[in-house]
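> when you get a sec, could you give me coordinates for this:
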Amino acid sequence: MTSAKTLSALEANRRYTDMKDAQATMAQARRDLDARVIDEEEYTHICDVCVKIIRSCED
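So this is what the prediction gives:
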């Protein structure tokens, strides 16, 4: 595999991992909100950040 292909594969893997981490963070935030560990404002902030990460990974 060429260096360019290797770098491309590594970048794709990083984007996929970032996306999955953001999805897991959103799911955990929802569970925390349901358990009243965090408030609605913190939940909204976490989701906003995660949505930005997910959107950037899809490009």
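
> how close does T2 get to R14?
From T2 across to R14, the span is 18 Å (Cβ to Cβ, to the nearest Å). Placement of C-beta: from N, CA and C, glycine included.

> again with M26
Counting by Cβ to Cβ, the gap from M26 to R14 is 19 Å.

> who's more crowded, these two?
Comparing M26 with R14 by neighbour count (other Cβ atoms under 10 Å), the higher total belongs to M26, at 18 against 11.

> now do the same contact list for that one.
I46, C47, C50, V51 (Cβ atoms under 8 Å, 6 or more residues apart in numbering).

> what subset of the residues you listed is buried?
I46, C47, C50 (16 or more other Cβ atoms under 10 Å).

> so which strand or helix has the second one?
Under the assignment given by DSSP states H and E, the secondary-structure element containing C47 is helix 40-58.

> for that helix, name the packing helices and strands.
Secondary-structure packing of helix 40-58 (3 or more Cβ pairs under 8 Å, 6 or more residues apart in numbering; DSSP states H and E): helix 3-34.

> list the buried residues in the helix it packs on.
Buried residues in helix 3-34, counting neighbours by 16+ other Cβ under 10 Å, are found at M19, A22, M26, A29, L33.

> how about stretch 50-59?
For stretch 50-59, using 16+ other Cβ under 10 Å, the buried residues are C50, I53, I54, C57.

> can you put those in TSV and add distance to E41 and pLDDT?
Listed next are these as TSV, based on distance: Cβ to Cβ, whole Å; pLDDT from 0 to 100:
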residue	distance to E41	pLDDT
C50	15	97
I53	19	95
I54	21	95
C57	25	89
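
> which single one of those is nearest to L7?
Using Cβ to Cβ, C57 comes nearest to L7 of those, at 16.9 Å.

> per-residue pLDDT, the residue nearest to the closest one when sequence neighbours are not counted?
Among residues not flanking C57 along the chain, M19 sits closest, at 3.9 Å (Cβ to Cβ, 6 or more residues apart in numbering). M19 is assigned a pLDDT of 96 by the prediction.

> go on, R15?
So R15 comes in at 95 (pLDDT).

> please report the distance of it from I53.
Distance from R15 to I53, counting by Cβ to Cβ: 10 Å.
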